[in-house]
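next comes the sequence, and after it the predicted model I'd like to discuss.
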Amino acid sequence: MSSMFSQEVPLELYLLLSAALFALGIVGFLIKRNLITVFMSIELMLNAVNLSFVTFAHQWHQVRGQIFVFFVMMVAAAEAAVGLAIIIAVFRARATLAVDRIDLMKL
Amino acid sequence: MHLILFFLFAGFCLAGAINLLLQSHPINSALSLIVVMTSLAVLYLLLGAEFLAAAQVIVYAGAIMVLFTFVVMLLNADREERTMGSRVWRAVGFPAAVVILGVIATAILRSRELGVAALSDGITTTEDLSRVLFHELLLPFEVTSILILIAILGAVALARHGHGEPDGESEPHGNQGRTGTK
């Protein structure tokens, strides 16, 4: 009982959670057949890496790790905007979102 | 208290991520991803990153996921079908992901010098963050704004209906095209 209420969590748990989320993102990237869901899996992997950054920023008492996460968020926002625009363009050209049918670079 | 909060929200994270994989409809996957991102914001707060917790909710759970749900509804995406490729990747992908997870987990567990996180650690205030960001990293910050500007222009150019046409008014024409394709 006292260990349950001890105020500390080992940072390994945070890193393991981050690794698990990253692995789930990889699985989603591989098994999902919908273009939008594949894109969501990439966002999940980005979030998992962000958790690692914040954990190490806490470990070494460095602000830089958190600033790196800030930049990753900005790039992810830009990436989501452009990626979803590409998905809309692909859907207009092919009228499908199944990744198996979108196997050519040309529209 | 920290331990309870950690396990609660780590459980939400993992449940949301697994639910993202199990759902076949994209809108359900998007809602699960919102659960993951909001739980991650709480975990950031537990690690003392208050600004990032707020930014996670605003940028990820707010802006990016609204964009996702908007596109899912705009394209009228229906249930995904299971295909041959998906079964092959299911056979290959699961062992590969388990191996990657195992490698990372052993690397983490073998490092012995990691510390602990507690509620009494104190938080990195927004002031600390912005002092470094605007004094030492001002140029990368400004370059980021240029990146976002380019991304906005690229998104408008890509999503415009019939790009390549000499059409100045992209936004109303694009909306008409989208409703027209439905």
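Good, I have the coordinates.

contacts, neighbours, all on C-alpha from now
OK.

quick one: contacts for the residue nearest the centre of chain B?
Residue closest to the mean C-alpha point of chain B, counted by C-alpha atoms, centre = their mean, is residue B:60 at 5.4 Å. Counting by C-alpha atoms under 8 Å, 6 or more residues apart in numbering or on different chains, residue B:60 touches A:73, A:77, B:37.

could you report the neighbour count for the last one?
Residue neighbour count, defined by other C-alpha atoms under 10 Å in any protein chain shown, stands at 26 for residue B:37.

does it touch residue B:61 like I think?
Yes: counting by C-alpha atoms under 8 Å, residue B:37 touches residue B:61, with 5.9 Å between them.

could you look up the SS state of residue 100?
If you meant another chain, say so; for now it's chain A. Secondary structure assignment for residue A:100 (DSSP: H, G, I helix; E, B strand; the rest coil): coil.

to clarify, I was referring to chain B.
Strictly by three-state DSSP, residue B:100 counts as helix.

do you know how far it is from residue B:107?
11 Å (C-alpha to C-alpha, to the nearest Å).

is the lengthiest helix in chain A positioned near chain B?
The helix that spans the most residues within chain A, counting by DSSP state H, is helix A:64-94. Yes: under the criterion of C-alpha under 8 Å from any C-alpha of the partner chain, chain B is reached by helix A:64-94 at A:64, A:66-67, A:69-71, A:73-75, A:77-86, A:88-89, A:91.

any idea of the mean pLDDT in that helix?
The pLDDT scores in helix A:64-94 average 91.

how distant is it from the center of its chain?
With C-alpha atoms, centre = their mean, to the nearest Å as the basis, helix A:64-94 stands 11 Å off its chain's centre.

enumerate the positions of it that are buried.
Within helix A:64-94, the residues that count as buried by 16 or more other C-alpha atoms under 10 Å in any protein chain shown are A:64-67, A:69-70, A:72-92.

in CSV, list the contacts of residue B:60 along with distance to residue B:127.
As requested, the contacts of residue B:60 are arranged in CSV below (distance: C-alpha to C-alpha, whole Å):
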residue, distance to residue B:127
A:73, 19
A:77, 23
B:37, 24
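
of residue B:100 and residue B:107, who's got more company?
Between residue B:100 and residue B:107, counting by other C-alpha under 10 Å, residue B:100 is the more crowded of the two (16 against 10).

now the more buried one, nearest residue through space, not along the chain?
residue A:23 (6.9 Å; C-alpha to C-alpha, 6 or more residues apart in numbering or on different chains).

right, and that neighbour touches residue B:98 too?
Yes: with contact defined as C-alpha under 8 Å, residue A:23 counts as touching residue B:98 (7.2 Å).

sec struct for residue B:24, please.
Residue B:24 - assigned by three-state DSSP - is coil.

quick one: pLDDT of it?
Note on residue B:24: pLDDT of 87.

contacting residues around it?
B:79-80.

and if you look at the one 5 residues further on?
Contacts for residue B:29 (C-alpha under 8 Å, 6+ apart) come out as A:37, B:19-21, B:23.

mind putting the residues you listed into CSV with neighbour count and distance to residue B:156?
Output for these, formatted as CSV (neighbours: other C-alpha atoms under 10 Å in any protein chain shown; distance: C-alpha to C-alpha, whole Å):
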residue, neighbour count, distance to residue B:156
A:37, 29, 22
B:19, 17, 32
B:20, 30, 29
B:21, 21, 30
B:23, 17, 30
